[in-house]
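Asks: Just to be clear, the model below is a prediction. Sequence and coordinates:
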Amino acid sequence: MEDDTIKLLRECNAGVKMGISSLDDVMDHVRDESLRNLLVKSKETHCELGSETHQYLMKCQDDGKEPGTMAKMMSWMKTNMKLGGEDSDRVVADLVTDGCNMGVKFLYKYLHQYQAADQDSKKLTEKIIRAEESLIKDLREYL
């Protein structure tokens, strides 16, 4: 159980860090103040979830996991290519929605892959999924 718990928490940790990094990448391109506020609020939520994930990992005496270098680089390149020619809120909303969808997909994958993880880490994973799904829903008006 402990092994699956640590693996699930590591993936959550890396995913939350990736989300924060992606939000930082697009923030300078946002024009609409309400969209900016939505993304700032989401970043705060991600930071709280990251802190919670880190606390669980510390209890397991683990340092967590950084997002993959290739994934970060590909995300950065996609963001800059799409926003390079068109600096619009619609593109930002589209990019963030894609990132959230990918995060949800992988978190569900890891929930099924690490079934022996403890209930607290599974609940935390589901909490992260709900935060991503909520952001996806809130971004619809900007697409």
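Replies: Alright, I've got the coordinates. Numbers count the residues shown, from 1 in each chain.

Asks: The residue nearest to Cys60 when sequence neighbours are not counted: which element?
Replies: Nearest non-adjacent residue to Cys60, counting by C-beta to C-beta, 6 or more residues apart in numbering: Ile6, 5.1 Å away. (Each C-beta comes from the backbone N, C-alpha and C, glycine too.) Taking DSSP states H and E as the criterion, the element that holds Ile6 is helix 2-27.

Asks: Could I get the average pLDDT for that helix?
Replies: Regarding helix 2-27, the rounded mean pLDDT is 94.

Asks: Now do it: which elements does it pack against?
Replies: With contacts taken as 3 or more C-beta pairs under 8 Å, 6 or more residues apart in numbering; DSSP states H and E, helix 2-27 sits against helix 33-59, helix 69-85, helix 89-113, helix 119-139.

Asks: Restricting to C-alpha, output stretch 130-143 in CSV.
Replies: Extracted in CSV, the C-alpha atoms of stretch 130-143 (Å, rounded to 0.1, in the frame of the first residue of the first chain):
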residue,chain,number,x,y,z
ARG,A,130,-12.4,18.4,-9.1
ALA,A,131,-10.3,21.6,-9.1
GLU,A,132,-9.2,20.9,-12.7
GLU,A,133,-12.8,20.1,-13.8
SER,A,134,-14.1,23.2,-12.2
LEU,A,135,-11.5,25.3,-14.0
ILE,A,136,-12.4,23.7,-17.3
LYS,A,137,-16.1,24.6,-16.7
ASP,A,138,-15.2,28.2,-15.7
LEU,A,139,-13.1,28.7,-18.8
ARG,A,140,-15.9,27.7,-21.3
GLU,A,141,-17.1,31.3,-21.6
TYR,A,142,-13.7,32.4,-22.9
LEU,A,143,-13.4,29.7,-25.6
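
Asks: Run the chain-centre distance for that stretch.
Replies: Mean C-alpha position of stretch 130-143 versus that of the full chain (C-alpha atoms, centre = their mean, to the nearest Å) differs by 12 Å.
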